[in-house]
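J.: Predicted model follows, preceded by the sequence.
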Amino acid sequence: MTTERAQKIWEAFCGELAQKPTDDMREALATTLRMLNSDFDGWNWGGDEPSCCVFRELVDIADVLDKLEELK
């Protein structure tokens with residue numbers, strides 16, 4: 001599931017580019033997702049599901065993005 005989400009995020013990102021995507025761009029996207037996790041760590045969003053679960057998924061997606069080999 002995480003790999004599928006990472007691929008969808010990467011494809012959406014690439015769809016907005018005016019140039020061919022690069023490994024640097026993929027790495028930057030993964031870093032940005034991790035930064036979101038870091039910046040919002042400890043926030044209380046309310047609701048039933050802890051925000052840490054949502055942001056943990058972002059970090060997992062960032063890890064998968066780092067491992068994607070085929071750029072589209």
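T.: In hand now; what should we look at? Numbers count the residues shown, from 1 in each chain.

J.: Every contact and neighbour count from this point should use C-alpha atoms.
T.: Will do.

J.: Same question for stretch 17-26: list its buried residues.
T.: Within stretch 17-26, the residues scored as buried using 16 or more other Cα atoms under 10 Å are Pro21, Arg26.

J.: Could you tell me the average pLDDT over it, please?
T.: Mean per-residue pLDDT for stretch 17-26: 94.

J.: From the chain's centroid, how far away is it?
T.: Between the centre of stretch 17-26 and the centre of its host chain there is 15 Å, according to Cα atoms, centre = their mean, to the nearest Å.

J.: what about this structure, any weak spots by pLDDT?
T.: 41-53, 69-72 (pLDDT under 70).

J.: just so I have it, where are all the strands in it?
T.: For the chain, no strands are identified by DSSP state E.

J.: where along it do the helices fall?
T.: 2-15, 23-40, 51-67 (DSSP state H).

J.: Need the winner for burial among the ones you listed.
T.: Most buried of the helices of the chain, by mean neighbour count (mean count of other Cα atoms under 10 Å): helix 51-67, with a mean of 18.
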